[in-house]
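K.L.:
coords please:
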Amino acid sequence: MSEILKLENVCYSYIDGGYERVILKDLSYSFDAGKFYTILGPSGSGKTTLLSLVAGLDTPNSGEIYFNGKNIKEIGLHKFRRNCISIVFQQYNLISYLTALENVMLAMSETDNQIPKDRKNVAYNLLERFGIVRTKADRLVNQLSGGEQQRVSIARALASNVDLIFADEPTGNLDTATEKEIINIFKQLAHDYGKTIIVVTHSDSVSSMSDQRVMLKDGQLHKI
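P.N.:
Model prediction:
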């Protein structure tokens with residue numbers, strides 16, 4: 001497998017009550033294309049901070065992050081976020097006054113990546129692939145169940161034709177059966193569509209289904 005995302009000597013800390021709190025310390029790690037990763041770690045270990053850094057939402061105090069061998073700062077953080085990554089959130093972060101279909105189509109309009117011209121049918125087909133039939137695709141997203149909304153958010157993440165999909169506790173609000181279905185979708189995206197999936201989770205059941213479990217502890221990532 002080819003390396004797609006690389007962190008090199010990444011450090012991150014902040015001042016809390018006059019003291020420096022070190023979150024990441026000289027962290028170096030590589031992620032391969034077409035693989036499903038889960039990142040575990042104690043509360044406060046910096047998992048969400050790490051996700052923010054690799055998504056270009058925040059910048060490290062020092063160190064570099066590379067996407068396909070190119071520094072994401074050289075790509076431009078806005079361009080990197082727009083064209084290279086998508087994020088799936090625990091709270092879904094869908095636009096409540098739009099339908100499922102409109103949420104997915106909006107993602108298509110916000111990227112410079114090549115998207116098929118027949119966007120409406122592509123969006124319908126994408127949603128249907130994840131179990132959202134057309135009658136549900138035309139409903140406002142707040143009329144869908146939690147599991148259905150998470151499927152919509154995954155379809156939205158895939159709609160922009162990116163290579164990296166990050167997820168922060170994406171199954172935290174879902175029952176066990178739905179959680180398993182969502183994780184199977186992530187596995188399919190990695191293995192059948194070549195996407196790199198990086199999921200932050202506290203769940204051992206979620207991590208046990210991934211290709212590679214990684215522990216964030218004492219500012220470092222370690223394979224489990």
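K.L.:
then the longest helix along the chain to CSV, C-alphas only?
P.N.:
In the chain, taking DSSP state H as the definition, the longest helix is helix 176-193. Coordinates of the C-alpha atoms in helix 176-193 are reproduced here as CSV (Å, rounded to 0.1, in the frame of the first residue of the first chain):
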residue,chain,number,x,y,z
THR,A,176,-24.9,-1.7,18.6
ALA,A,177,-26.5,-3.0,15.4
THR,A,178,-26.4,0.3,13.6
GLU,A,179,-22.8,0.9,14.8
LYS,A,180,-21.8,-2.4,13.2
GLU,A,181,-23.5,-1.3,9.9
ILE,A,182,-21.7,2.0,9.9
ILE,A,183,-18.3,0.4,10.5
ASN,A,184,-19.0,-2.1,7.7
ILE,A,185,-19.6,1.0,5.4
PHE,A,186,-16.2,2.4,6.5
LYS,A,187,-14.5,-0.9,5.7
GLN,A,188,-16.2,-1.0,2.3
LEU,A,189,-15.0,2.6,1.5
ALA,A,190,-11.4,1.6,2.4
HIS,A,191,-11.3,-1.8,0.7
ASP,A,192,-13.6,-1.3,-2.3
TYR,A,193,-13.1,2.4,-3.1
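K.L.:
got a list of contacts for it?
P.N.:
34-36, 130-131, 146-147, 150-151, 154, 158, 165, 167, 170-171, 174, 195-197, 199, 203, 205-206, 209-211 (Cβ atoms under 8 Å, 6 or more residues apart in numbering). C-beta coordinates here come from the backbone N, C-alpha and C atoms, glycine included.
K.L.:
wait, what's in contact with residue 92?
P.N.:
141, 146, 149, 150, 152, 153 are the contacts of residue 92 under Cβ under 8 Å, 6+ apart.
K.L.:
swap in residue 132?
P.N.:
By Cβ under 8 Å, 6+ apart, the neighbours of residue 132 are 100, 144, 148, 151, 152, 155.
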